[in-house]
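[1] based on what follows, work out the 3D shape:
(2 chains)
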Amino acid sequence: DEWRLSCINRDFSVCHSYPPVVIVPKSVNDEELRKVALFRHGNRFPVLSYYHRKNGMIMMRSSQPLTGTNGRRCKEDEKLINATLRPGKRGYIIDTRSLNVAQQARAKGGGFEQEVHYPQWRRIHKGIERFNILQESLIKLVEACNDQSHNMDRWLSKLEASNWLTHVKEILTTACLAAQCIDREGASVLVHGTEGTDSTLQVTSLAQIILDPRCRTIRGFESLVVREWLQAGHPFQQRCAQSAYSNSKQKWEAPVFLLFLDCVWQILRQFPCSFEFNENFLILLFEHAYASQFGTFLGNNENERAKLKLPQKTMSLWSWVNGTEEINRFLNPIYEANSLVIWPAVAPQSLQLWAGVFLRWNRPSKYLDEAQEEMVRIINYNKELQAKVKVLRRHLAELEAGGRMQENP
Amino acid sequence: VENVKLLDRYTNRKAANGTLYLTATHLIYVEASAEVRKETWILHHHIASVEKLPLTTAGYPLLIHCKNFHVAHFVLGQERECHDVFTSLLKLSQPVKPEELYAFSYNPKMSKESREMGWKLIDLKLDFQRMGIPNNCWEITDVNKDYEVCSTYPPEIVVPRAATKAVVMGSSRFRSRGRIPVLSYLYKENNAALCRCSQPLAGFSARCLEDEQMLQAIREANPGSPFMYVVDTRPKLNAMANRAAGKGYENEDNYENIRFKFIGIENIHVMRSSLQKLLEVCEMKSPSMSDFLTGLENSGWLRHIKAVMDAGVFLAKAVREEKASVLVHCSDGWDRTAQVCSLASLLLDPFYRTFKGFMVLIEKEWIAMGHKFSHRCGHLDGDPREVSPVFTQFVECVWQLMQQFPCSFEFNERFLLEIHDHVFSCQFGNFLGTCHKEREDLRIFEKTHSLWPFLLQRKQELRNPLYRGFTAYKELQPNTLPFSFQFWCGMYNRFDKGMHPKQCVLDHLLGCMSQKVELEDSASELENKLPFLDGPLPGEPSSVPKPGHPAPKAPVGNTAPDCGGAAPPVLSNGASPGAVGSSVDQKHKENLSHPHQELSAPTETSDCAAKDGKAQHQ
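    A predicted model of the protein is given here:
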């Protein structure tokens, strides 16, 4: 009753990086939305990202407000954000930038919500890195993984210097924080950084994996990627152009999506029975985000994909994945649907280098693959046995019933 | 002591409140506040250190570090109590006399016979038989039966047939503590042998004809190779320093056709301080990723693990690929030498990757050959400079191998942790003392129990569900690039449950294994019932699983050449999961491969039914 679908962005005129249809509070009309859009970086006004059925709390995402140095306000923005809170409830604005970075953004016209103007909301700053810092981190990590000098100290020191796992830890911690606000504190959450197309999406999508069991199924994860990355306007074309081996410096290149997948892998490793898919599925998405025969990850947003007529001219990765033969490769044999919220540990001891991606070509995987096969075999054998016992039981029951009928004609 | 708080190291959760008990063997903490009774047991022998920390608002803190890396942080209400507990624990955790050790009072309800059978479970002679020894070139000799050759060797040792008693005795005078070259493992495929000893008393120029003859005999026992390796596992600098003390290493000029090589594994003191640094890193309160990785690097721990692994890989390669025999030593030949010889054996021979084989390996390379468990583990109040995590490193190397070869070990991580616990627990006699002679003097074979039968009884939970059996993998060739080594959270942060994966694949698969046994049981039970009921089965045999399914591999390991001797019947009681699995498998396969019998049987029963029917009509 509190939310509605808005087609305000039908022709991508309000926000070029948003999809045509978005979910917004019912109490805010399209005219007001237009005003809010003008107050947000890249016109990315707050939209609904996730609704937590358990307690009715919600997660929204947007870009930064354009407060600038003189503290501009926007009545409609304040109305929209406050409208999402039920009476007496509090909310948290999770700014994915450190306070320092957020303050510096004001000089360029950006900024953050002043608590006085959003009295029911508390702001929390986290420091998720962006752009070239992440890109350099990836390049250093890949370089370290390819270093074949047999020196342990050098490896550990390079791994540390790459900071890759630091980024993983920071992103996971922030996602846990968002999930905690929603599930534990019973508060709603608004997430944004600067543009709302990178760290924001990492946080909102990971929080959903923690909170929502559907996101841990194959179909659910696919629609999470569609919703929170493709439709939400993560600029794949800019971010995933060159990967780690680029000679020229690409200003917009950054492994934002890879970091998200890495975080999912970390959660998968800690909850190996809670995901319907396995590591191969995540690796597949990583590969196709960078180079693919499918149109799914092309372009920077829905707008561009529509202009390029990708849905008409290319195949979708999803239709291929969901084809019955392929999907077996991505199924987790020990999956048991788990309706609980899953809280990952974020201590350094609990996080590992994602060997399946970063060491994939540097070590033989034969023995690990065999372990996987063995696991599948054990599970399948049990399933066969279960089916057999079921059939036998039925026979027995039928025969017994038949026997009684014969005895008493 | 009542009203004691137990602090959780990592979360800010409210501290538990409870009661602390000190028994003769354990410290027991019972949480009063918990809904379910929660107990924390700490064996006194596991306590490595007890510290009184400065007074806090909560009370008088007592910090206990255990040898199995458990850290318990108690807070007591009163200074007196805290001091009393502190002094009692100090006394209880550091016994002075061996007789005070737990093993001498541990008394499970078990007959004298089965206790004695337990000690006979592992028979090293059988392992040598498995290698084909005695043979033309090697013999088992009792030349050391009165410990004349070497007081820290067992009475029976394996030496080249060509080495006469004079050569043995001569060599023993030239080797530190008389630890002469003896056989550790013979690779049957090519007769290359892995031998071990201590450093020679070479000084700067001394030589010994008998020792040279001994090495010649070892080399000539392997006619397939014109040379043999002599490997000094110490860093070259350390070995050279030893020359000044009249010890040192072999001069290549004095020994015929040897290739001498240093492998720089650091000494016990470096390893002790490395572990100390590692544990400090593990105990940091909310470290950043950078803090942790830098700390891990600075501890040097994984560097040392890699060094041990590299050495093991070198030995295995020399034996397997170069077909050359290898003689290994360090200083005394009971620390680094034990590590690398046992590791090489494990890489070369799948038997050592089974339950029984791993027990044999530890008995052979560590216990019998005089690794000084008592000193290295600090069983008794003694010189802290003798304590060193040499065995822990070996256990970790095995774990690292398990990560790379998940299907090649019959046992799982818990088996390793269990052994590691008991090396310190002093609950069983195996690891008491420093060498065979000392264990005889302590009369541990008469007075204490052996650990191994107790572990075999728990095979079910300690097995590796992914094990592909004895024949699936022969030699292991691990990758030893630095990134192949992982930090072992399950060991060093074992008691910080919050850090571990919340769902455990191992538990899940173990559950599947026991479910499998149940299902197979009920399947065969149902199958037995069916034919007796009524006429031919409704035409559905095709819905039954295909008989072509490969039989589970687990039992294969049991049929492998079992050199450990017959297990004591009481202890192994035939209830090992492998045995049950295999008999059920057999039945299962029979049922599936003889559908005709099933189909023919019912005709008889229907006859019976008809007769009965007739009888009724009459």
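[2] burial count for residue B:377?
    25 (other Cβ atoms under 10 Å in any protein chain shown). Yep, even glycine has a C-beta here, placed from its N, CA and C like the rest.
[3] kindly apply the preceding question to residue A:114 instead.
    Neighbour count of residue A:114, defined by other Cβ under 10 Å: 13.
[4] the nearest residue to it once chain neighbours are set aside and residue A:106, how far apart?
    In space, and not counting its chain neighbours, residue A:114 is closest to residue A:71: 6.5 Å by Cβ to Cβ, 6 or more residues apart in numbering or on different chains. When distance is defined by Cβ to Cβ, to the nearest Å, residue A:71 is 8 Å away from residue A:106.
[5] of those two, which one has the most company?
    residue A:106 (18 against 11).
[6] assumed the more buried one was part of a strand.
    No. Residue A:106 is assigned helix when assessed by DSSP: H, G, I helix; E, B strand; the rest coil, not a strand.
[7] correct me, but it touches residue A:67?
    Yes. Counting by Cβ atoms under 8 Å, residue A:67 is a contact partner of residue A:106 at 6.4 Å.
[8] of all the residues in the stretch 101-250 of chain A, which ones are close to chain B?
    A:145, A:148, A:150-157, A:159-160, A:163, A:165-166, A:168-169 (Cβ under 8 Å from any Cβ of the partner chain).
[9] out of these, which are buried?
    A:145, A:152, A:155-157, A:159-160, A:163, A:165-166, A:168-169 (16 or more other Cβ atoms under 10 Å in any protein chain shown).
[10] keep only those of the residues you listed that are in helices.
    Among those, DSSP state H puts A:145, A:152, A:155-157, A:159-160, A:165-166, A:168-169 in helices.
[11] need these in CSV (columns: pLDDT).
    Formatted as CSV, those follow (pLDDT from 0 to 100):
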residue, pLDDT
A:145, 96
A:152, 97
A:155, 97
A:156, 97
A:157, 96
A:159, 97
A:160, 98
A:165, 98
A:166, 98
A:168, 98
A:169, 98
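[12] grab the nearest non-local neighbour of residue A:26.
    For residue A:26, the spatially nearest residue (Cβ to Cβ, 6+ apart) is residue A:4, at 4.7 Å.
[13] give me the element residue B:346 is part of.
    Per DSSP states H and E: residue B:346 is located in helix B:336-348.
[14] what helices or strands is the helix or strand following that helix leaning on?
    Proceeding N to C from helix B:336-348, the next assigned helix or strand is helix B:355-361, under DSSP H and E. Under the contact definition 3 or more Cβ pairs under 8 Å, 6 or more residues apart in numbering or on different chains; DSSP states H and E, helix B:355-361 sits against helix B:336-348, helix B:452-457.
[15] gap between the residue nearest to the spatial centre of chain A and residue A:215?
    Centroid check for chain A by Cα atoms, centre = their mean gives residue A:205 as the closest residue, at 3.0 Å. Counting by Cβ to Cβ, the gap from residue A:205 to residue A:215 is 8 Å.
[16] one step back: element containing the residue nearest to the centre of chain A, please.
    helix A:199-211.
[17] how about the residues of the stretch 151-300 of chain B near chain A?
    With Cβ under 8 Å from any Cβ as the criterion, the stretch 151-300 of chain B comes near chain A at residues B:282, B:286-294, B:296-297, B:300.
[18] rerun that using 7 Å as the cut-off
    B:287-290, B:292-294, B:296-297 (Cβ under 7 Å from any Cβ of the partner chain).
[19] one step back: which SS state does the residue nearest to residue A:26 fall under?
    Strictly by three-state DSSP, residue A:4 counts as strand.
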